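Colleague: generate a structure from the sequence data that follows.
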Amino acid sequence: MKLKALLAAATAAAALTAGAAAAEQVKIGIAAEPYPPFASLDSSGNWVGWEVEVIGAVCAAAALDCVVTPVAWDGIIPSLTGQQIDAIMASMSITEERMKTIDFSDPYYNTPAVIVADKSMDIEPTPESLAGKIVGIQASTIHQAYAQEYFKDAELKVYQTQDEANQDLFAGRIDATQADSIAMADFVNSDTGSCCEIKGAVADDPAILGKGVGAGVRKGDDALREALNKGIAAILADGTHEKITAKYFTTSIY
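Modeller: Okay, here's the model as predicted:
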């Protein structure tokens, strides 16, 4: 009887341990700085936006218990490698440079990089047209890397957030900015951004601009990467991705 009791206790303990492991939260890092319409704080202090909804849908489809965890953008990869978060879903492009440090899931969206400037300015998204202009870019982004490579005859002004660059564009302190087309479409359709327009997409360079946006995970965390891949595939297949997208955009961004 004593042996049976010990076996029963061991079985119960194992079940509790397995349950705790299954219930373990996955911390999904997003940028602490607002990046509408992908992620921003509402009036109640809750994170909302297209990417926040996609995180919820992917995690539900993958049976993961996820918690959105804001992290300063310039420290988001160190937070992942340092195990403060478990994954990054913050409009991070899949690039060769980042893949030296972290792994990525399959992409869950892909949009071009564009140049935005005042409507009155005759600017094209080319190095020649931007020569001598002041171009605002967000720090630690593919746009900074691209501008440093291609816009060497422009004066580059680096900002911690894209919103700061947008505000300086509105105020006339910079001539143009480079950023994601969807985020900038949201800006130019706002009251503040009504001064400006998208001048066009920059020439593609996959080595710098990447191959779409994916979820970043630590090197070797194949289990989480595959779980996220499963969730991404599921929401693409069952129409959830499209339904969420339709709430924010007029066209597909995948």
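
Colleague: could you check how far the most centrally placed residue in the chain is from Asp153?
Modeller: Nearest to the mean C-alpha position of the chain, counting by CA atoms, centre = their mean, stands Ser91 at 1.3 Å. Here the criterion is CB to CB, to the nearest Å. By it, Ser91 lies 28 Å from Asp153. Every C-beta, even on glycine, is put in place using the N, C-alpha and C of the backbone.

Colleague: check Gly239 too.
Modeller: Distance of Gly239 to Asp153, computed by CB to CB: 46 Å.

Colleague: and if you look at Gln162?
Modeller: 23 Å.

Colleague: with neighbour numbers in mind, choose between these two.
Modeller: Gln162 (27 against 11; other CB atoms under 10 Å).

Colleague: next, give phi and psi for the closest residue to that one other than its chain neighbours.
Modeller: Leaving aside its chain neighbours, Gln162 sits nearest to Gln138 (4.7 Å; criterion: CB to CB, 6 or more residues apart in numbering). Phi and psi for Gln138, reported as degrees, to the nearest 10, are phi -80, psi 140.

Colleague: what segments of this structure are strands?
Modeller: Listed in chain order, the strands of the chain (DSSP state E) span 26-31, 40-41, 47-48, 66-71, 87-88, 102-104, 113-118, 134-138, 155-159, 176-180, 196-201, 216-218.

Colleague: closest to Tyr248 out of those strands?
Modeller: strand 47-48 (10.4 Å; CB to CB).

Colleague: contacting residues around the closest one?
Modeller: For strand 47-48, the external contacting residues (CB atoms under 8 Å, 6 or more residues apart in numbering) are Ile30, Ala39, Ser40, Leu41, Asp42, Val68, Pro70.
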